[in-house]
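J.: Give me coordinates for this.
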Amino acid sequence: MKAEYDLSKLKSRKNPYATKLKKSVTMRLSADVVDYFKGMATEAGVPYQSLINLYLRDCLAQNRKVQINWLKAA
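T.: Below is the predicted model:
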């Protein structure tokens with residue numbers, strides 16, 4: 001192995017994985033939701049954040065829509 005390398009002749013290129021990188025976000029989740037996913041993640045042997053990402057990705061793939069029924073004031 002050389003002590004020094006001449007990197008000035010190298011051509012730069014774009015990262016081919018750049019479009020697949022994850023974006024860091026901050027979310028406020030209920031404690032019971034976090035506990036639920038942590039428990040499932042422990043059983044599956046994966047990090048809980050990865051499990052939440054997989055679940056949301058499945059929702060995206062299945063084109064699931066959230067149904068919110070607000071209670072009307074009496």
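J.: all helices of the protein, in order?
T.: Using DSSP state H, the helices of the chain run over 31-44, 48-61.
J.: now these in a markdown table, with distance to residue 19 and mean pLDDT?
T.: C-betas here are computed from N, CA, C, even on glycine. Output for the helices of the chain, formatted as a markdown table (distance: least, C-beta to C-beta, whole Å; pLDDT from 0 to 100):
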| stretch | distance to residue 19 | mean pLDDT |
| --- | --- | --- |
| helix 31-44 | 26 | 97 |
| helix 48-61 | 15 | 95 |
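J.: Of these, which is nearest residue 22?
T.: Among these, helix 48-61 comes nearest to residue 22, with 7.4 Å by C-beta to C-beta.
J.: Nearest to residue 73, out of the helices of the chain?
T.: Per C-beta to C-beta, nearest to residue 73 of the helices of the chain: helix 31-44, 26.4 Å.
J.: which parts of that closest one are buried?
T.: Neighbour-count burial for helix 31-44, counted by 16 or more other C-beta atoms under 10 Å, picks out 37, 41.
J.: closest one to residue 13 among the helices of the chain?
T.: Smallest distance to residue 13 across the helices of the chain (C-beta to C-beta): 27.8 Å, for helix 48-61.
J.: got the contact list for the one residue sitting closest to the centre of the chain?
T.: Nearest residue to the geometric centre of the chain (C-alpha atoms, centre = their mean): residue 53, 4.1 Å. With contact taken as C-beta atoms under 8 Å, 6 or more residues apart in numbering, residue 53 is in contact with residue 22.
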